[in-house]
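K.L.:
Quick one, structure for this:
(chains A, B, C and D)
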Number of protein chains: 4
Amino acid sequence: MKISVVRVPAASPSDTASLRAHIEEGTIHPSQVIAVLGKTEGNGCVNDFTRGYAVQTLRGFFAGLIGVEAADRISFIMSGGTEGVLAPHFTVISRSEAVGVPAAAGSKALAVGVAHTRRFLPEELGRSAQIAEVSAAVARAMAEARIEAASDVHFVQIKCPLLADADMADARARGADVAVDDTYKSMGYSRGASALGAAVALGEIRREDIGDEDVCQSWDKFSEVASTSAGSELAYCEVIVFGNSAQASGELYMSHGVMADAIDGKPLLAMLADNHGAEVVQVLAKAEADPTGLVRGRRHTMLNDSDINHTRHARAAVGAVLASIVGDPMIYVSGGAEHQGPAGGGPVAVIFRRTNA
Amino acid sequence: MKISVVRVPAASPSDTASLRAHIEEGTIHPSQVIAVLGKTEGNGCVNDFTRGYAVQTLRGFFAGLIGVEAADRISFIMSGGTEGVLAPHFTVISRSEAVGVPAAAGSKALAVGVAHTRRFLPEELGRSAQIAEVSAAVARAMAEARIEAASDVHFVQIKCPLLADADMADARARGADVAVDDTYKSMGYSRGASALGAAVALGEIRREDIGDEDVCQSWDKFSEVASTSAGSELAYCEVIVFGNSAQASGELYMSHGVMADAIDGKPLLAMLADNHGAEVVQVLAKAEADPTGLVRGRRHTMLNDSDINHTRHARAAVGAVLASIVGDPMIYVSGGAEHQGPAGGGPVAVIFRRTNA
Amino acid sequence: MKISVVRVPAASPSDTASLRAHIEEGTIHPSQVIAVLGKTEGNGCVNDFTRGYAVQTLRGFFAGLIGVEAADRISFIMSGGTEGVLAPHFTVISRSEAVGVPAAAGSKALAVGVAHTRRFLPEELGRSAQIAEVSAAVARAMAEARIEAASDVHFVQIKCPLLADADMADARARGADVAVDDTYKSMGYSRGASALGAAVALGEIRREDIGDEDVCQSWDKFSEVASTSAGSELAYCEVIVFGNSAQASGELYMSHGVMADAIDGKPLLAMLADNHGAEVVQVLAKAEADPTGLVRGRRHTMLNDSDINHTRHARAAVGAVLASIVGDPMIYVSGGAEHQGPAGGGPVAVIFRRTNA
Amino acid sequence: MKISVVRVPAASPSDTASLRAHIEEGTIHPSQVIAVLGKTEGNGCVNDFTRGYAVQTLRGFFAGLIGVEAADRISFIMSGGTEGVLAPHFTVISRSEAVGVPAAAGSKALAVGVAHTRRFLPEELGRSAQIAEVSAAVARAMAEARIEAASDVHFVQIKCPLLADADMADARARGADVAVDDTYKSMGYSRGASALGAAVALGEIRREDIGDEDVCQSWDKFSEVASTSAGSELAYCEVIVFGNSAQASGELYMSHGVMADAIDGKPLLAMLADNHGAEVVQVLAKAEADPTGLVRGRRHTMLNDSDINHTRHARAAVGAVLASIVGDPMIYVSGGAEHQGPAGGGPVAVIFRRTNA
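P.N.:
Got it, this is the predicted structure:
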């Protein structure tokens, strides 16, 4: 297996010009694309339709090239919100069977696997059922990626559902109660349960130590590599596992760190130092407003701002910190890091390219 | 002269608890306070009343301690907007005649001078008249601070008026036309003309090279040290000059750099390296959305966002970058950097405290 | 007793020019003022500082005229949010002992009474304790106003606290749990419990029929005349009861109706028809986004909008409907009508002036 | 010719469920559809992608039913912004050759014609060139609709371009200057010039009386029936003329009035009274924040609000007033009424259905 990762800028959620150019130049082969991870320029909250718009556009674009069925097999995961300096773009991930370029003995290369859960009932979201199903899907995606050890997993991107008004009404009609009766809050619960599912799959938490009551409560339980994103455009979870595998080849590989808070640049700086000479292909990170209301002991106003949602503030802040360090604002920073890294902090991963220097 | 600089957190625009505690502990002497530079948690745009609320609160607070007249002589300069990690706070600047602590021969210490212009007519704002008056006020403030060379000036904070609807109506009624007929845009013109005034005073631009038509147009003309902020609470400009003077004493001193863009952390990193061992007392900086629509060649969405004003995005981004570097979010980052540093970038200054290490 | 009601426009939260003019003209006597009900131009949500700014301004203004102690006895109730056409203003309510102008036999005139509860612990907010205390305060205010029958009460304005982060931390530190652990949501719970308190006092609900679990749940339990507003500037409830009393004199009197939804203009139209010839002195109403997500069977988007809070949408809509009917946008429309009128609707009251026509 | 008008609710910009149901029930025939006028739930300003998303969805939907070419001939005009009570929906307009149902002698029925201009250069937008081209297109659309007299035209819906950053850069590169160098403001200029074009076509203004300098300046020059809407999704103007024609048949017909300000319900009330017994099929109206800053002499805060754009406030207000009168929030109210009705007011039109009562 050989993974290729290409970032293409997007002039709008429906812009495929740069993607098309890459395909025409042969740097992206549509039939090899397994996932597209995008940052779109909506509010990243409940009524962000830029995510669905981009997915509709991309699915149609690929369907025109490789057919509807093949296009439907691609995972499109869009994260809304490009606050501050962040640049809207798509990260296109392709997978091919490597020919004649075996990995050097003992070395590992980037491998990516994809899986999805079954559809959830509204009352399952943000609870143990979601944790268990996501955990199983992460294991399947790891197997597909031929990643053997949990320690070789460096990023788990999960797109998960939210509870729209209709979902809550549906549950009520059946006499079922939901984890939380507010659409915006349900995004956090779904992200949180998905992250806990990844943590269970990767052995970061034992399954028996986690229950309904931990979701969005026990902030000390988290995954170092989960990145979850909620949206109204699906009723199940889509999982993409990124890691290093001895069975993969190519010049790409991955690493990760954990930011302790929104201005913690050290993990990324350390990865750059440790991988001196390698090229940064993409940075993937999560951002959140510290639930204590403090960053380094100073009061922040993100949680009390009724004009701008706190996830928007957090993406602007973390995005700028990381962009400043790598010198590039076209990176993937997603908001709402419930159980993704410690409270107020979050995972940060880097896809590197080995250079012959 | 000896300058003291104390930062106090504010739990709201009307919170004086921490300020009061400092006074009770003797670290701030009300009668020595010459200026308070604040970050308040409003939107920093037209209808941001947190600035006026803080000024009303602080003026009343000091009036209760030192009398109305003395309180009226304090410059209160509030900059709205604590997006992202930025922490609401007040920077309290006091000046005393130093007793028995002469500056070491050849060394300079922080000096601060204050001045203000006459009131402006609406049609003068954003034009040559404002440039000229501000230039003269900066010169007066330098003299008051006993700063001899322009190269010793490291930050010029200016609070300037905007054109409210009533101002524009007033001008029209007298047959006069204004520089720009939009309140939000007038903030930029007033900030820009003020910055150009500082640039003229400091010899960064020759007076004969600048005219009405340059304001918010000739982005290559700027001051490296101006920081200007517009608000509806005054009709003249208030100027505070910060710099180093051989006639000042004390352990504080200042330095500055110029950020090339919103994620340019190098100038601040360089100052920290050059002043290794010194303590960072406060960081003062300006932020703006790059008018080209690009940061490092990547598209940003700040200027096209009709939900969040671009100054808010820019403060969140620049504030986080600088806070990350100094490890403290309670810094002064103000938005709208027209003619304050290069387009898309801005000045960054640091007040250091010499340590005996 | 004789009540006078004067509306004064406000050019900003700190504008007292029109108020001062009225005092100079003798239409408002500062020492007779018992309450000021204001609409200020903030977001009406958590970080709306225009309310506190106006209160600080008005209290200082009156203190300068009648002394600090007397000014402290005035109830200042500010409701944030003048979306759409609504005009920022203050409604100044004065009370005097009527001299020589007895009410005509059998007729009643406007009477106003004021009371407040004790301070609440965080864990009492949004629960039975708040309901009981408010109920008692409403009864005291009725007695002060000399209003005999509950049916003569036409508007009960209550200002109530919210749960700030610090309040929730305080409760947690004492091992107490709060009704809801989200500041914005706590505003709704506090408004709801206050309204239920009024309903109990006025016999609209029996005390034994209401408990903790009804607050923000049992939408069929409500007061037809309660108008409650939450803010961070107080820790107790302030209650102002408006109604008609046989012991009051003067040309003012009151009436009320109940809007079934946000576009229900009929109750106001009916009051205008029934009181044909009388002058409308002020309209007082509540607005809310229908929690079902529908208005007249049509989907509204207020509850899913992550850019603009639903209370802001609702004020804009209801404010415009009522302003259109009376031909005046300087009316009091407050958002968040939990248990104030039926779900999605709200109370609307009118202060009329009898004319001799 | 016979026109049919069907409103279908939209659960999101990509929801075609109700549209599909109508087609399956035979109440809409895809091949007869000439235009879809939609209200989508974005911010209605620069970065509102719900308009493009809906157009992409609808074009794909119809292409699947009648082929790409036929779908491309349908005019899709989306207006963003469903503030307050307004309900997202599509108004589907179909045209068929009437068979056996001639209009009664002397009576007229609803007729609709469609046309579009050539593409504009950036420097032509908001100026005489746009006025002239739109004027010609309105005349063509009238002819197509077989509407003979200008007085029979009751609504002219125009979708027009805006100046994106790239457009302005393009003009600058060619040495051309644009009417206004701000994207958000360019929307107003394009809407204004389009409306003036309609006014010229309908004889409301003489062509020789209008020039570049009148656009967004001479507010006394306006069309009573123009409704224009700007978006980034096209570079030319699309024009739909609605009116009554003696050559049309069917039970639909139209009328219009002009609101003097945002709370002027009288024109709609008068139309309902004049057409007592007829059914209201759809209301079409424009909304704007009064540029004087006043409504009925009272200050509004729409123009100074840096959190919510004034067009959003205005739609919420006018939408609620009109919805209240007709008892239905699923109406078409579009923002930004430059030269569309008097300043601060706007056109309001009603499509009625004759009933046999």
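K.L.:
which non-adjacent residue is nearest residue A:128?
P.N.:
Spatial nearest neighbour of residue A:128, chain neighbours left out: residue A:212 (5.4 Å); criterion: Cβ to Cβ, 6 or more residues apart in numbering or on different chains. All C-beta spots, glycine's among them, are computed from the backbone N, C-alpha and C.
K.L.:
Quick check: residue A:344 touching residue A:292?
P.N.:
Yes: at 6.7 Å, residue A:344 counts as touching residue A:292 under the criterion of Cβ atoms under 8 Å.
K.L.:
So which residues on the stretch 51-200 of chain A come close to chain D?
P.N.:
Proximity of the stretch 51-200 of chain A to chain D, by Cβ under 8 Å from any Cβ of the partner chain, involves residues A:52-53, A:56-57, A:60.
K.L.:
who's more crowded, residue A:344 and residue A:292?
P.N.:
residue A:344 (24 against 16; other Cβ atoms under 10 Å in any protein chain shown).
K.L.:
what sits against the residue lying closest to the more buried one once chain neighbours are set aside?
P.N.:
Among residues not flanking residue A:344 along the chain, residue A:290 sits closest, at 3.1 Å (Cβ to Cβ, 6+ apart). By Cβ atoms under 8 Å, 6 or more residues apart in numbering or on different chains, the contact list for residue A:290 reads A:261-262, A:300, A:343-344.
K.L.:
Mind checking which of these are in helices?
P.N.:
Among these, none falls in helices (DSSP state H).
K.L.:
Highest neighbour count among the residues you listed?
P.N.:
Neighbour max across these (other Cβ under 10 Å) = residue A:262, 31 neighbours.
K.L.:
any idea how far the residue nearest the centre of chain A lies from residue A:70?
P.N.:
The residue lying closest to the centre of chain A (Cα atoms, centre = their mean) is residue A:157, at 3.2 Å. Going from residue A:157 to residue A:70 by Cβ to Cβ, to the nearest Å gives 21 Å.
K.L.:
go on, residue A:229?
P.N.:
Distance, residue A:229 to residue A:70, by Cβ to Cβ: 24 Å.
K.L.:
Looking at the two, which is more packed in?
P.N.:
Applying other Cβ under 10 Å to residue A:229 and residue A:70 shows that residue A:229 carries more neighbours, namely 25 against 14.
K.L.:
any idea which element the more buried one lies in?
P.N.:
strand A:226-230 (DSSP states H and E).
K.L.:
Please see if that strand touches chain C.
P.N.:
No: applying Cβ under 8 Å from any Cβ, one finds strand A:226-230 separated from chain C by no less than 12.3 Å.
K.L.:
For that strand, which helices and strands make contact with it?
P.N.:
Applying 3 or more Cβ pairs under 8 Å, 6 or more residues apart in numbering or on different chains; DSSP states H and E, one finds that strand A:226-230 contacts strand A:75-80, strand A:153-160, helix A:183-201, strand A:279-287.
K.L.:
residues in contact with that strand?
P.N.:
By Cβ under 8 Å, 6+ apart, strand A:226-230 touches A:77-79, A:155-162, A:186-188, A:190-192, A:194-195, A:198-199, A:284-286, A:334, A:336-340, A:347.
K.L.:
do that again at 7 Å, thanks
P.N.:
A:77, A:79, A:155-162, A:187, A:190-191, A:194-195, A:198-199, A:284, A:286, A:334, A:340, A:347 (Cβ atoms under 7 Å, 6 or more residues apart in numbering or on different chains).
K.L.:
Mind telling me what element residue A:129 is part of?
P.N.:
For residue A:129, the host element (DSSP H and E) is helix A:128-145.
K.L.:
The helix or strand harbouring residue A:324 near chain B at all?
P.N.:
Assigned by DSSP H and E, residue A:324 falls within helix A:310-326. Yes: for helix A:310-326, a contact with chain B is found by Cβ under 7 Å from any Cβ of the partner chain, at A:313, A:316-317, A:320-321, A:323-324.
K.L.:
Please identify the residues of the stretch 151-300 of chain A in proximity to chain C?
P.N.:
Proximity of the stretch 151-300 of chain A to chain C (Cβ under 7 Å from any Cβ) is limited to residues A:165, A:183-184, A:293.
K.L.:
switch to 10 Å and redo it
P.N.:
Contact residues (Cβ under 10 Å from any Cβ of the partner chain) of the stretch 151-300 of chain A with chain C: A:164-166, A:168-169, A:182-185, A:187, A:232, A:291-294, A:299.
K.L.:
most neighbours, which of those?
P.N.:
With neighbours taken as other Cβ under 10 Å, the top of those is residue A:187, carrying 30 neighbours.
K.L.:
ranges for the strands of the stretch 201-350 of chain A?
P.N.:
A:226-230, A:238-245, A:252-259, A:279-287, A:294-295, A:298-299, A:332-335, A:346-353 (DSSP state E, counting those that start in this stretch).
K.L.:
rewinding a little: redo the residues of the stretch 51-200 of chain A next to chain D as JSON lines? Include pLDDT and distance to residue C:121.
P.N.:
Putting these into JSON lines (pLDDT from 0 to 100; distance: Cβ to Cβ, whole Å) gives the following:
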{"residue": "A:52", "pLDDT": "94", "distance to residue C:121": "45"}
{"residue": "A:53", "pLDDT": "97", "distance to residue C:121": "48"}
{"residue": "A:56", "pLDDT": "97", "distance to residue C:121": "51"}
{"residue": "A:57", "pLDDT": "98", "distance to residue C:121": "54"}
{"residue": "A:60", "pLDDT": "98", "distance to residue C:121": "57"}
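K.L.:
Return the distance of residue A:296 relative to residue B:312.
P.N.:
22 Å.
K.L.:
One more: residue A:268?
P.N.:
According to Cβ to Cβ, residue A:268 and residue B:312 sit 25 Å apart.
K.L.:
between those two, who's got more neighbours?
P.N.:
Neighbour comparison, residue A:268 and residue B:312: the larger count goes to residue B:312, with 32 against 24 (by other Cβ under 10 Å).
K.L.:
Skipping its backbone neighbours, what lies nearest the more buried one in space?
P.N.:
Of all residues not flanking residue B:312 in the chain, residue B:83 sits nearest, at 5.0 Å (Cβ to Cβ, 6+ apart).
K.L.:
do the same with residue A:250
P.N.:
residue A:2 is the one closest to residue A:250 (Cβ to Cβ, 6+ apart), at 4.2 Å.
K.L.:
which residues touch the one you found?
P.N.:
Contacts here follow Cβ atoms under 10 Å, 6 or more residues apart in numbering or on different chains; on that basis residue A:2 touches A:32, A:94-99, A:101, A:103, A:109-111, A:248-252.
K.L.:
Sitting in strands, which of the residues you listed do you find?
P.N.:
If you go by DSSP state E, the contacts of residue A:2 have A:94-96, A:109-111, A:252 in strands.
K.L.:
how near is residue A:242 to residue A:114?
P.N.:
From residue A:242 to residue A:114 the distance is 10 Å (Cβ to Cβ).
K.L.:
scratch that, residue A:331 is what I was asking about
P.N.:
Taken as Cβ to Cβ, the span from residue A:331 to residue A:114 is 22 Å.
K.L.:
neighbour-wise, which of those two wins?
P.N.:
A count of neighbours by other Cβ under 10 Å puts residue A:331 above the other of residue A:331 and residue A:114, at 26 against 22.
K.L.:
Nearest to chain C within the stretch 201-350 of chain A, name that residue for me.
P.N.:
residue A:306 (3.1 Å; Cβ to the nearest Cβ).
K.L.:
how many other residues sit next to that residue?
P.N.:
21.
K.L.:
How confident was the prediction at the spatially closest residue to it that is not a sequence neighbour?
P.N.:
Of all residues not flanking residue A:306 in the chain, residue C:45 sits nearest, at 3.1 Å (Cβ to Cβ, 6+ apart). We have a pLDDT of 91 for residue C:45.
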